[in-house]
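Asks: This is a predicted model, with the sequence first.
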Amino acid sequence: MARIRMPRPRISRLRISRLRISDLPIRSLPIRKKTAAAVASAAALLAATGCGAADMTKQASPYANAQGAKTVTLSVQSWVGAQANVAVAQYLLEHELGYRVDTVQVDEIPAWDALSQGRVDAIMEDWGHPDQEQRYVKDKKTIARGGDLGVTGHIGWYVPKYFAEAHPDVTDWKNLNKYADQLRTAESGSKGQLLDGSPSYITNDKALVKNLDLDYQVVFAGSEAAQITQIKQFAKQKKPFLTYWYEPQWLFNQVPMVEVKLPEYTDACGEKGTEDPESIDCAYPTTPLQKFLNADFEKKGGKAAEFLKKFKWTKEHQNEVSELIAADKLSPQEAAERWVEEHPDVWKAWLP
């Protein structure tokens, strides 16, 4: 929630000595003002790592690319679907192939730099960054394609199913202004609220609101977790809401939502948006999510590299693990172990 040619999260860089996915704060996700719990979690993480600032790409795991060591370092993004990928890959690499796996939380754009420099070995879920692919895959050749994840990503605007059933025409963007009054909040003032996630995620929403002449205010939740909390609160009270959201995402299982049709995405519109993001006036594209490996690791990473290239599952599989983590509050390792126990027919095909 490819997410193409749009600015993605920019994260600072931080040194971690053996940060596992279970140590990472989990956001209920493509994020607004962080809750007190999220802030406390982040503070605890910084204290545990001895860092004064959350700059997670300056240095990676000290085991990354260690000569002769049977270790793998994986980049993990903040949304829970990405955490699900890494949790299952980590579990199988450790329990089936005998590797030690280190994970480093790096957001999307900085992750490409870290991958190119060998500070991490693989990115398990990329939503589409043509400029980074051109630079590192085609020109510098320091990053290699790792294959299709098997999951198709899509960002869009959604309303709850109960509101769409009561007002069917709300699912066409041309009718959104008709409902702006019903979608006002204290944060959006006199306009309807369009709830977004993190300002660091790919979003064209401010440009879309302006270019489509919509009477709405984009309001950022601050994090995936904060956005999910807000959506659940609206749903519990049966209140209408309009939100930026994406697939795959486990929350659809608990809060059914219907997509609002925006002007159809075209390559011409995407190209225009790449050159001038403020000019974009069409829907988000649908993107097959991809994996990328450090080029040296792809050649010399042995069974680990082979396994990661074979790793391919469905949206349903990812959502199953994500829901165990985010909704059922299992640790990522526990969620991965449960999924692995229940789906040997899927993961055994990934092994070298």
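Replies: On my side now, so go ahead. Numbers count the residues shown, from 1 in each chain.

Asks: Grab the most central residue of this protein for me.
Replies: For the chain, Trp79 is the residue whose C-alpha lies nearest the centre (Cα atoms, centre = their mean; 4.3 Å).

Asks: so how far is Ala326 from it?
Replies: Distance of Trp79 to Ala326, given as Cβ to Cβ, to the nearest Å: 10 Å. To be clear about C-beta, it is placed using only N, CA and C from the backbone, and glycine gets the same treatment.

Asks: repeat for Ser75
Replies: Relative to Ala326, and taking Cβ to Cβ, Ser75 is found at 20 Å.

Asks: how about the helices of the stretch 51-200 of the chain, start to end?
Replies: 80-95, 108-116, 130-132, 161-166 (DSSP state H, counting those that start in this stretch).

Asks: Show me where the stretch 1-150 of the chain dips below the pLDDT cut-off.
Replies: Scanning the stretch 1-150 of the chain for pLDDT under 70 picks out 1-69.

Asks: thinking again about what came up before, double-check the residue nearest to the centre of the chain against Ala225; I have them as touching.
Replies: No. Counting by Cβ atoms under 8 Å, Trp79 stays clear of Ala225, with 9.7 Å between them.

Asks: okay, now Ala304: neighbour count?
Replies: When counting by other Cβ atoms under 10 Å, one arrives at 23 neighbours for Ala304.

Asks: I meant Thr287, not that one.
Replies: Neighbour tally, Thr287, other Cβ under 10 Å: 20.

Asks: That one and Lys236: what is the separation?
Replies: Relative to Lys236, and taking Cβ to Cβ, Thr287 is found at 31 Å.

Asks: go on, Gly98?
Replies: Taken as Cβ to Cβ, the span from Gly98 to Lys236 is 46 Å.

Asks: next one: Leu195
Replies: 15 Å.

Asks: Look at the two and report which has more neighbours.
Replies: Under the neighbour definition other Cβ under 10 Å, Leu195 and Lys236 were set side by side, and Leu195 has more, 27 against 9.

Asks: Compare Ser75 and Ala326 (neighbour count), which wins?
Replies: Ser75 (29 against 26).

Asks: can you give me the strands in the stretch 151-300 of the chain?
Replies: 192-196, 216-220, 242-247, 257-260, 286-294 (DSSP state E, counting those that start in this stretch).

Asks: Turn the ones you listed into TSV, including distance to Lys206 and mean pLDDT.
Replies: Converted to TSV, those look like this (distance: least, Cβ to Cβ, whole Å; pLDDT from 0 to 100):
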stretch	distance to Lys206	mean pLDDT
strand 192-196	9	98
strand 216-220	5	98
strand 242-247	11	95
strand 257-260	16	98
strand 286-294	21	95
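
Asks: can you pull the contacts of Pro160?
Replies: Counting by Cβ atoms under 8 Å, 6 or more residues apart in numbering, Pro160 touches Phe234, Ala235, Pro240, Phe241, Val255, Pro256, Met257, Val258.

Asks: Not counting residues beside it along the chain, what's closest to Asp148?
Replies: The spatial neighbour of Asp148 that comes closest, neighbours along the chain excluded (Cβ to Cβ, 6 or more residues apart in numbering), is Pro288 at 5.7 Å.

Asks: And for Asp328?
Replies: Nearest non-adjacent residue to Asp328, counting by Cβ to Cβ, 6+ apart: Ala335, 7.7 Å away.

Asks: Pretty sure the one you found sits in a helix.
Replies: Yes. Judged by DSSP: H, G, I helix; E, B strand; the rest coil, Ala335 forms part of a helix.

Asks: doesn't Val321 make contact with it?
Replies: Yes. Between Ala335 and Val321 a contact is recorded at 5.0 Å, counting by Cβ under 8 Å.

Asks: Could you name every residue contacting both of the two?
Replies: Common contacts of Ala335 and Val321 (Cβ under 8 Å, 6+ apart): Ala84, Ala87.

Asks: Okay, now the unreliable bits of the stretch 201-350 of the chain?
Replies: Looking at the stretch 201-350 of the chain by pLDDT under 70, you get an empty list.

Asks: 80 instead, please
Replies: 202, 274 (pLDDT under 80).

Asks: Helices along that one, start to end?
Replies: 205-211, 224-236, 267-275, 295-300, 302-310, 315-326, 332-342, 344-347.

Asks: And those helices: which comes nearest Lys140?
Replies: helix 295-300 (8.7 Å; Cβ to Cβ).

Asks: could the helices of the stretch 51-200 of the chain go into TSV alongside distance to Thr152?
Replies: As requested, the helices of the stretch 51-200 of the chain are exported to TSV (distance: least, Cβ to Cβ, whole Å):
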stretch	distance to Thr152
helix 80-95	12
helix 108-116	18
helix 130-132	17
helix 161-166	21
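
Asks: Return the most buried member of the ones you listed.
Replies: Comparing the helices of the stretch 51-200 of the chain by mean neighbour count (mean count of other Cβ atoms under 10 Å), helix 80-95 ranks first with a mean of 25.

Asks: elements contacting that helix?
Replies: strand 71-76, strand 100-105, strand 122-126, helix 302-310, helix 315-326, helix 332-342 (3 or more Cβ pairs under 8 Å, 6 or more residues apart in numbering; DSSP states H and E).

Asks: how about these, which one is nearest Glu247?
Replies: Distance to Glu247, taken as Cβ to Cβ, is lowest for helix 315-326 among the helices and strands packed on helix 80-95, at 6.9 Å.

Asks: Buried residues in that closest one, which are they?
Replies: Lys315, His317, Gln318, Asn319, Glu320, Val321, Ser322, Glu323, Leu324, Ile325, Ala326 (16 or more other Cβ atoms under 10 Å).
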